[in-house]
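>>> Quick one, what's the 3D model for this:
(one chain, ligands or ions: 1)
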Amino acid sequence: MTLPPELHTLGDRPLLVICDYDGTLAPIVTRPEDAFPQPGAREALRRLTAHPTHHAAIVTGRRAEQIHALLNLPDLPVIGLHGMEWPGEEIRPPDEEALRFIATQLPDVPGLWLEDKRWTLAVHYRAVPEAQQANVEAVLAAVSLPEGWEVIAGKKVREFRPAGFGKGRAAQQLALTFPLHLPVFLGDDVTDEEGFVALRGQGGVTVKVGEGATAAEYRIASPAEVVALLEEWADSSLS
Ligand SMILES: O=P(O)(O)OC[C@H]1O[C@H](O[C@H]2O[C@H](CO)[C@@H](O)[C@H](O)[C@H]2O)[C@H](O)[C@@H](O)[C@@H]1O
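The predicted structure follows:
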């Protein structure tokens, strides 16, 4: 494993380590309920959460409660639903009419399944036969959106959500909450690109996990490499 050398020496500021979950802390698998953390991820995050100077947080497209169930780290802040859900904050009621309107337009294709997150709707097509996936993408792109809604692309998923959120805003807000810390954002998916752009604008460190075009400054290969970095940062102390 050869990690970008700059990531070993991030300077003398305490770190604010912001991680995405799927594809970053857990390998991508067929069924979201089977996406268990990469070995070592939980312990490294536990140590970062308890660290005297560094901080850690998760920013995810999932519901925060799912991440808490998977990681079992109650003290680790989790921002869920692409920035809609913040620890200790009341989330506005879901727009059920908008969700119904979207659902009525979805295609009935074998293998397609809906992940109802109450506030957003993720349409997964990983199990649709490969030859039909481009067509499914086109149909999902043509769904007529309720006012104030948007659709975002992820790995074999399209997610319908209220506009005005996103990982970029979430990462920015976290960075503003800890202005003395150096924000570091690790993510693997298209939705993480907003986070990379936002934090590059604030002098943060951005790390893309895996292949694909990216706005991140650095790239590493896999969740196993994420764990190696988290362990190293959890070991680091400021002199
Ligand atoms: O922001 P994240 O923490 O990365 O969450 C993004 C989405 O992750 C999940 O779906 C993705 O991972 C699944 C498990 O590996 C995979 O089966 C699926 O194809 C991927 O799209 C999750 O189900 C979504 O709700 C999240 O938005």
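>>> In three-state terms, label whichever residue of the chain sits closest to the ligand for me.
Closest to the ligand within the chain is G61: 2.6 Å, counting by C-beta to the nearest ligand atom. To be clear about C-beta, it is placed using only N, CA and C from the backbone, and glycine gets the same treatment. Look at G61: counting by DSSP: H, G, I helix; E, B strand; the rest coil, its state is coil.
>>> Pop out the phi and psi values for it.
Backbone dihedrals for G61, given as degrees, to the nearest 10, come out at phi -80, psi -10.
>>> got a list of what it touches?
Contacts for G61 were tallied using C-beta atoms under 8 Å, 6 or more residues apart in numbering; they are 22, 80-82, 120, 122, 154, 159, 191.
>>> Need the mean per-residue confidence for stretch 171-181.
If you average the pLDDT over stretch 171-181, you get 96.
>>> returning to what we had before: quickly note the distance from the residue of the chain closest to the ligand to T9.
Per C-beta to C-beta, to the nearest Å, G61 is found 31 Å from T9.
>>> Equivalent analysis for E65, please.
Going from E65 to T9 by C-beta to C-beta gives 37 Å.
>>> how about P32, what does it touch?
22, 62, 115, 124.
>>> Need the pLDDT of it.
For P32, pLDDT reads 93.
>>> for M1, same thing?
77.
>>> Might one say that it is in contact with A228?
Yes - counting by C-beta atoms under 8 Å, M1 touches A228, with 6.1 Å between them.
>>> so which of the contacts of G61 also contact the ligand?
22, 122, 154, 159, 191 (C-beta under 6 Å from any ligand atom).
>>> Of M1 and A228, which one has the most company?
A228 (17 against 9; other C-beta atoms under 10 Å).
>>> element containing the more buried one, please.
Counting by DSSP states H and E, the element that carries A228 is helix 223-235.
>>> which of the residues in stretch 149-163 are buried?
For stretch 149-163, burial by neighbour count (16 or more other C-beta atoms under 10 Å) applies to 149, 151-152, 154, 156-162.
>>> what does it rub up against?
Residues outside stretch 149-163 that contact it (C-beta under 8 Å, 6+ apart) are 22-23, 28, 61, 81-82, 84, 95, 98-99, 102, 115, 119-126, 133, 137, 140-141, 143, 145, 148, 166, 188-191.
>>> Same check on stretch 5-14?
Under the contact criterion C-beta under 8 Å, 6+ apart, stretch 5-14 has outside partners 53-55, 180-182, 184, 205, 207, 218, 220, 229, 232-233, 238-239.
>>> Centre of the chain to that stretch, how far?
Distance of stretch 5-14 from the chain centroid (C-alpha atoms, centre = their mean, to the nearest Å) equals 23 Å.
>>> Now do it: distance from first to last residue.
Stretch 5-14 has an end-to-end distance of 18 Å (C-alpha to C-alpha, to the nearest Å).
>>> one step back: among the ones next to the ligand among the contacts of G61, which are in strands?
Among those, DSSP state E puts 122, 154, 159 in strands.
>>> Look up the closest residue to the last one, ignoring the ones flanking it.
To tie it back to what came earlier, the one meant is E159. Distance criterion C-beta to C-beta, 6 or more residues apart in numbering; nearest residue to E159, sequence neighbours excluded, is A122 at 4.5 Å.
>>> so what's the one you found up against?
For A122, the contacting residues are 61, 114-115, 154, 157-160, by C-beta under 8 Å, 6+ apart.
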